[in-house]
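Participant: curious how this folds, go ahead:
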Amino acid sequence: MAEEKSKRDSIGMSLKGCRTNNGFVHNEDILEKDPDPSSPGDSPQHSAVGILGPEEPDLKDIQPYAGMPKEVLFRFSSQARYRVPREVLFWLTVTSVLVLIGATVAIIAISPKCLDWWQAGPMYQIYPRSFKDSDKDGNGDLKGIQDKLDYITTLNIKTVWITSFYKSSLKDFRHGIEDFREIDPIFGTMKDFENLIAAIHDKGLKLIIDFIPNHTSDKHAWFQLSRNWTGKYTDYYIWHDCLHENGTTTPPNNWLSVYGNSSWHFDEIRNQCYFHQFTKEQPDLNFRNPDVQEEIKEIIQFWLAKGVDGFSFEAVKFLLEAEHLRNEIQVTETQIPDTVTQYSELYHDFTTTQVGMHDIVRNFRHIMDQYSREPGRYRFMGTEAYGDSIDNTVMYYGLPFIQEADFPFNDYLTRLDTPSGDRVFEVITSWMEHIPEGKWPNWMIGGSDRARLTSRLGKEYVNIMNMLLLTLPGTPITYYGEEIGMGNILATNINESYDVDTLLSKSPMQWDNSSNAGFSEGNNTWLPTNLDYHTVNVDVQKTLPRSALKLYQELSLLHANELLLSRGWFCYLRTENHSVVYTRELDGTDRVFLIILNFGESSLLNLKEVISKIPTRARIRLSTNSANKGSEVDTHAITLDKGEGLILEYNTKDLLHLQTDFRDRCFVSNRACYSSVFNILYSLC
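Facilitator: Numbering: from 1, shown residues only. This next block holds a predicted model:
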């Protein structure tokens, strides 16, 4: 009897263990009870679920319940009504994941390269001594730039470009640098610069700065050591023996300075002549010396570590000179050699663009790439080689597999000194035809070494030149003040040594009609303000609906928001008058922007003569005359006043770049197509 009771207790414990629910009640009507000793041991209620033996339990009358043991769960899960939905859901999940991965890979594969920050919006070039004075000494400074960052953002600018601010003498606009790692006290301190970088980045902007590697000031420590034959610095500059008697120097050859007269100057301490491409206070570095190249590399790294986003490398074509000392050829062979004193009177085959110069530029690029590895921190590189032909200038883009500059600065529009539609077309098409395939263009209509736009072409052409700048393909570059139509000052009264021709475009920024145009609260400014500052200033123009500033802001906003302008094709049209006419269009869209800029007198233009399938009516998206904005014009007869510009918008499926007649007049740097269905760009057009 004891053995039988023990067996019953064992079975009861097994049953109780099977029905335990870890706190969850399956059915309150079947709460656990102690097994009835009088109940038969083979009761179906218990043997079906409780006793796990070699025989499989009968589940025919059992329903699933929470907390069932795994042996029972497995029996239920193998039934078709549970197994099939589970397998369907599994394979649906696998298929969905594979489709999602495939779609992601496909989108990445067909997507065009995203525009980088230096491509996505305008650059704004600032001459820091003339932008804003914060300490009342009459000189613009770094704190002044920081104070005006909010204004810069209203222009939809993406990149701030600050020209030379290094510790320097006042010769040649601060290009004679005494210390590449120091801020000139006129502009502030290194702490001011660090604060400016942080503020620029906080605004979502980028900063590029000038770098002048070709030469230093004669006050630079390197030069002082070199003239005294000190160690490795002995050959940091280009020295040659020359004859110096009775205060007269006979140079080694006929090479000339950019500013005229011999490019050799006798140094009484070293008793030799040193070479200078610019002023005698700016001796050229010897870039054939590896130590010099290493010094320049470390300086570039110093500023990149400070957080600058890129450089404009100045005067790069002068980095190397021929190792021989042969005379350069005269432009006029019959000219008496002793009278050849002007730079333009020689062909500079031995002092510019020498073999090996592009290798140095590529080394600069390599340094920039090392600092571009961090995601989102691409370091921009631009080169300045003004005065070169377009053929030579575009060489700074590099080769298909060897990159140099992101772009060489294109200053050809700044050389226009008379309004001419034909000349504008010539500049645009020459650049687009010479630029290597896939490279990014850029455009400037003003600069620190050029007369201002208003003074070159006239006030009536400021708006159409800004419209041109912001609707051409590529990166637009604006010199401070051009957005409000500032002009050259008429005269200067200054004791410093400058080239007066370029000094006139560096007058203080005109902020308002208060004293000194709001540039400085000091008694005097380093240059006088323009006499028109009472009417030509930021404060006045931001409230006028038809001002140059308002139009610039609208144009830059359109440039930022329209794929047609940032990614689209450029197709130019030939006309018989002084108008410049071109389209911006994008594969996958049926919208077209047609830009018309009149550089002549009032004229009547029939667009049907140049675009046969253009609609009869087109909407004015933007106009230099704000009263016309949003209205429509008859494309058979468009009347344009002198200096008037229009951006027309119309719908068509006959895009010009797809037509044979226009194929040689259309250009695109990075082709992209738009899908209106998925609202994405793709590259497989």
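
Participant: which element is the residue positioned nearest the centre of the chain on?
Facilitator: The centroid of the chain falls nearest to residue 118 when counting by Cα atoms, centre = their mean (0.7 Å). Here residue 118 is covered by no helix or strand, with elements defined by DSSP states H and E.

Participant: poorly predicted segments of this protein, please.
Facilitator: Along the chain, the parts satisfying pLDDT under 70 run over 1-62, 170-174, 491-501.

Participant: so where's the longest helix in it?
Facilitator: Ranked by number of residues, the top helix in the chain under DSSP state H is helix 80-110.

Participant: how far does the next helix or strand after it sit from its chain's centre?
Facilitator: Per DSSP H and E, the first helix or strand lying C-terminal to helix 80-110 is strand 123-126. In terms of Cα atoms, centre = their mean, to the nearest Å, the centre of strand 123-126 is set 11 Å apart from its chain centre.

Participant: give me the contacts around strand 123-126.
Facilitator: 145, 152, 155, 157-163, 208, 447-448, 475-480 (Cβ atoms under 8 Å, 6 or more residues apart in numbering). C-beta coordinates here come from the backbone N, C-alpha and C atoms, glycine included.

Participant: please repeat the previous calculation with a cut-off of 10 Å.
Facilitator: Contacts with strand 123-126, where a contact means Cβ atoms under 10 Å, 6 or more residues apart in numbering, come from 132, 140, 144-145, 148, 152, 155, 157-163, 165, 205-206, 208, 210, 310, 312, 380, 382, 409, 442, 444, 446-448, 475-483, 509.

Participant: the following helix or strand past that strand - contacts with which helices or strands?
Facilitator: Remark: after strand 123-126, the chain's next helix or strand is helix 142-147, criterion DSSP H and E. Counting contacts by 3 or more Cβ pairs under 10 Å, 6 or more residues apart in numbering; DSSP states H and E, helix 142-147 packs against strand 159-162, helix 190-202.

Participant: and the helix or strand following the longest one, what does it pack against?
Facilitator: Past helix 190-202, heading to the C-terminal end, the next element that is a helix or strand (DSSP H and E) is strand 206-211. Applying 3+ Cβ pairs under 10 Å, 6+ apart, we find strand 206-211 packed against strand 123-126, strand 159-162, strand 166-168, helix 190-202, helix 290-306, strand 310-313, strand 380-383.

Participant: so what strands line up beside the last one?
Facilitator: For strand 380-383, the paired strands and their directions (DSSP bridges) are strand 310-313 (parallel), strand 407-408 (parallel).

Participant: pull the CA atoms of it into PDB?
Facilitator: Extracted in PDB, the C-alpha atoms of strand 380-383 (Å, rounded to 0.1, in the frame of the first residue of the first chain):
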ATOM      1  CA  PHE A 380      38.600  72.800 -50.500                       C
ATOM      2  CA  MET A 381      41.500  73.800 -52.600                       C
ATOM      3  CA  GLY A 382      41.400  76.700 -55.100                       C
ATOM      4  CA  THR A 383      44.300  78.200 -57.100                       C
END
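
Participant: hmm, back to that, mind putting the helices and strands packed on helix 142-147 into CSV with mean neighbour count and distance to residue 459?
Facilitator: Below are these laid out as CSV (neighbours: other Cβ atoms under 10 Å; distance: least, Cβ to Cβ, whole Å):
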stretch, mean neighbour count, distance to residue 459
strand 159-162, 23, 25
helix 190-202, 16, 32
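
Participant: give me the number of residues near the nearest residue to the residue nearest to the centre of the chain once chain neighbours are set aside?
Facilitator: Leaving aside its sequence neighbours, residue 118 sits nearest to residue 380 (Cβ to Cβ, 6 or more residues apart in numbering; 4.5 Å). When neighbours are defined as other Cβ atoms under 10 Å, residue 380 has 25 of them.

Participant: show me where the stretch 451-600 of the chain has helices.
Facilitator: 453-457, 462-471, 500-503, 538-541, 548-561, 563-566 (DSSP state H, counting those that start in this stretch).

Participant: deepest of the ones you listed, which one?
Facilitator: Among the helices of the stretch 451-600 of the chain, judged by mean count of other Cβ atoms under 10 Å, the one packed with the most neighbours on average is helix 462-471 (a mean of 25).

Participant: between helix 548-561 and it, find me the angle.
Facilitator: Counting by axes from the mean of the first three to the mean of the last three Cα atoms, to 10 degrees, helix 462-471 lies at 10 degrees to helix 548-561.

Participant: off-centre distance for helix 462-471?
Facilitator: 19 Å.

Participant: for stretch 426-436, same thing?
Facilitator: Chain-centre distance of stretch 426-436: 20 Å, with Cα atoms, centre = their mean.

Participant: what does that stretch rub up against?
Facilitator: Stretch 426-436 is contacted from outside by 389-395, 397-400, 407-408, 410, 412-416, 420, 441-443, 468, 472-474, 570, 572, 580, 582, 664-669, using Cβ under 10 Å, 6+ apart.

Participant: repeat that for stretch 387-395.
Facilitator: Contacts of stretch 387-395 (Cβ under 10 Å, 6+ apart): 258, 317, 343-344, 348, 352-353, 357-358, 361, 383-386, 396, 404-405, 407-412, 415, 427, 430-431, 433-436, 439, 441.

Participant: please pick the buried ones from those residues.
Facilitator: Taking 16 or more other Cβ atoms under 10 Å as the criterion, what is buried in the contacts of stretch 387-395 is 258, 317, 343, 348, 352-353, 357-358, 361, 383-386, 396, 404-405, 407-412, 427, 431, 435, 439, 441.

Participant: taking the residues you listed one by one, which sit in strands?
Facilitator: Among the buried ones among the contacts of stretch 387-395, the members falling in strands (DSSP state E) are 383, 407, 408.

Participant: okay, those in CSV with distance to residue 597 next?
Facilitator: Below are these laid out as CSV (distance: Cβ to Cβ, whole Å):
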residue, distance to residue 597
383, 29
407, 23
408, 25
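
Participant: of those, closest to residue 613?
Facilitator: Nearest to residue 613, judged by Cβ to Cβ, of those is residue 407 at 34.6 Å.

Participant: can you name the residues bridging to the residue nearest to that closest one when sequence neighbours are not counted?
Facilitator: Closest residue to residue 407 apart from its sequence neighbours, by Cβ to Cβ, 6+ apart: residue 442 at 4.9 Å. As for beta bridges, residue 442 partners with residue 475 under DSSP bridges.

Participant: how many other residues sit next to residue 442?
Facilitator: Count around residue 442 with other Cβ under 10 Å applied: 22.

Participant: contacts only, for residue 70.
Facilitator: residue 77 are the contacts of residue 70 under Cβ under 10 Å, 6+ apart.

Participant: make that residue 155, sorry
Facilitator: Residues counted as contacts of residue 155 (Cβ under 10 Å, 6+ apart) are 121, 122, 124, 478, 483, 549, 552, 553, 555, 556, 557.

Participant: taking those residues together, which two end up most distant?
Facilitator: Farthest pair in the contacts of residue 155 (Cβ to Cβ) is 121 and 549. Separation: 17.1 Å.

Participant: pull the distance from stretch 147-154 to the chain's centre.
Facilitator: Average the C-alpha atoms of stretch 147-154, do the same for its chain, and the two points are 18 Å apart (Cα atoms, centre = their mean).
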